[in-house]
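Engineer: Need a 3D model of the sequence below.
(one chain, ligands or ions: 5)
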Amino acid sequence: WGTVGHATVAYIATGLIKNETAAYCKKVLGDQSANVLASIASWADSYRYEAGGGFSTPFHWIDAIDNPPYSCDVDYDRDCTDAGCIVSAIMNYTTIQRVNIAAGTIEPDSLKFLVHFLGDIHQPLHDENYGAGGNNITVYVDGSKWNLHAAWDTAFITKITGGTNITTAKAFSTRLLASIQSPTGVYATASKKWFRSSLKDPKAAAMKWATETNNYVCTAVLPQGPLAIEGKELNGTYYQVAVPVVEEQMAKAGVRLAAWLDLLVTGST
Ligand code: DCM
Ligand code: DCM
Ligand code: DCM
Ligand code: ZN
Ligand code: ZN
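Structural biologist: Numbers count the residues shown, from 1 in each chain. Ligands and ions are numbered 1, 2, ... in the order given. Here you go, the predicted model:
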């Protein structure tokens with residue numbers, strides 16, 4: 001996701017976490033602001049370009065070598081390379097944060113990585129190998145040229161929200177939080193089943209999130225295969241199908257990030 005997507009996920013989580021979890025994050029990240037998680041949510045996207053940060057580049061995705069739109073699946077042994085992937089990164093940074101919590105030591109980077117990667121794992125093209133996660137597919141959104149990956153990361157969210165900054169994300173998150181928390185919200189019932197994971201098996205948790213997200217590559221990202229969209233304008237039916245997927249993925253990522261942080265910090269959700 002781009003800046004707005006990552007900040008939206010962080011704001012949704014901020015609206016759902018326990019007070020104790022929020023206090024812990026503020027302490028570790030050295031920021032007492034209510035925007036603390038949104039402020040660090042895109043840090044990993046700049047860190048990967050910093051000197052010494054290149055090792056983390058493959059941690060932003062898992063290149064599932066499946067066959068969309070005919071079959072979609074993620075296989076850890078097939079798809080997570082020796083350099084690591086988003087599933088192994090979530091496993092490792094969860095462990096690092098747990099060890100530091102147990103020891104009472106402050107380790108901000110693993111928390112910043114978790115906030116970012118629990119967002120990215122919910123972007124369908126971060127769980128897909130085809131066309132380098134869609135980066136090699138050219139499309140148009142309202143006449144502007146994008147690659148398919150960036151359209152899902154950024155263009156659709158800009159079109160939904162009308163903005164590109166953290167204030168936009170705050171407003172977007174408020175609407176999605178209401179859809180989760182209001183008894184009549186579109187996610188009120190479904191969202192209760194979005195988090196069933198345990199810290200005893202972070203691999204199973206991350207694989208579930210990746211597998212569920214990757215399934216949208218077959219149904220919403222490449223529903224008629226890549227040739228049906230290469231060089232095409234996506235602002236019609238394609239966008240209509242994409243919007244509810246993007247919004248649900250923002251909401252799911254926020255719910256799961258909140259529950260994961262609550263488990264880490266307080267041992268319960
Ligand atoms: N897993 C998976 N695909 C694989 C390997 C593992 O989905 N190729 C998931 C399912 C298991 C979890 O990871 O619940 C733990 O796997 P393992 O027993 O291999 O550590
Ligand atoms: N990306 C991906 N899968 C790949 C390669 C890249 O999900 N196999 C993502 C990472 C960035 C975006 O695509 O969000 C652009 O990647 P880069 O900046 O590495 O070109
Ligand atoms: N917004 C949204 N979804 C909508 C309408 C608005 O997410 N359907 C968010 C993004 C906007 C912010 O609310 O930046 C402010 O919207 P408005 O100008 O409608 O108050
Ligand atoms: Zn991306
Ligand atoms: Zn990323």
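Engineer: May I have the secondary structure class of Glu50?
Structural biologist: coil (DSSP: H, G, I helix; E, B strand; the rest coil).
Engineer: Please report the distance of it from Ser110.
Structural biologist: Distance of Glu50 to Ser110, given as Cβ to Cβ, to the nearest Å: 16 Å. Backbone N, C-alpha and C define where each C-beta goes, glycine included.
Engineer: which of the two has more neighbours?
Structural biologist: In this view Glu50 and Ser110 are compared by other Cβ atoms under 10 Å, and Ser110 has more residues nearby, 20 against 9.
Engineer: What segments of the stretch 51-200 of the chain are helices?
Structural biologist: Listed in chain order, the helices of the stretch 51-200 of the chain (DSSP state H, counting those that start in this stretch) span 76-79, 86-103, 108-120, 130-134, 148-150, 156-161, 166-181.
Engineer: what about the ones you listed, which gets the closest to ligand 1?
Structural biologist: Nearest to ligand 1, of all the helices of the stretch 51-200 of the chain, is helix 76-79, at 3.6 Å by Cβ to the nearest ligand atom.
Engineer: Show the average pLDDT along the closest one.
Structural biologist: Taken as a whole, helix 76-79 carries a mean pLDDT of 98.
Engineer: do it and ligand 2 meet?
Structural biologist: No - Helix 76-79 does not reach ligand 2 (Cβ under 6 Å from any ligand atom); its nearest approach is 10.6 Å.
Engineer: Which strands or helices does that helix pack on?
Structural biologist: Applying 3 or more Cβ pairs under 8 Å, 6 or more residues apart in numbering; DSSP states H and E, we find helix 76-79 packed against no helix or strand.
Engineer: tell me which element the nearest residue to Leu118 once chain neighbours are set aside falls in.
Structural biologist: In space, Leu118 comes closest to Leu257 once its chain neighbours are excluded; the distance is 4.4 Å by Cβ to Cβ, 6 or more residues apart in numbering. Assigned by DSSP states H and E, Leu257 falls within helix 237-266.
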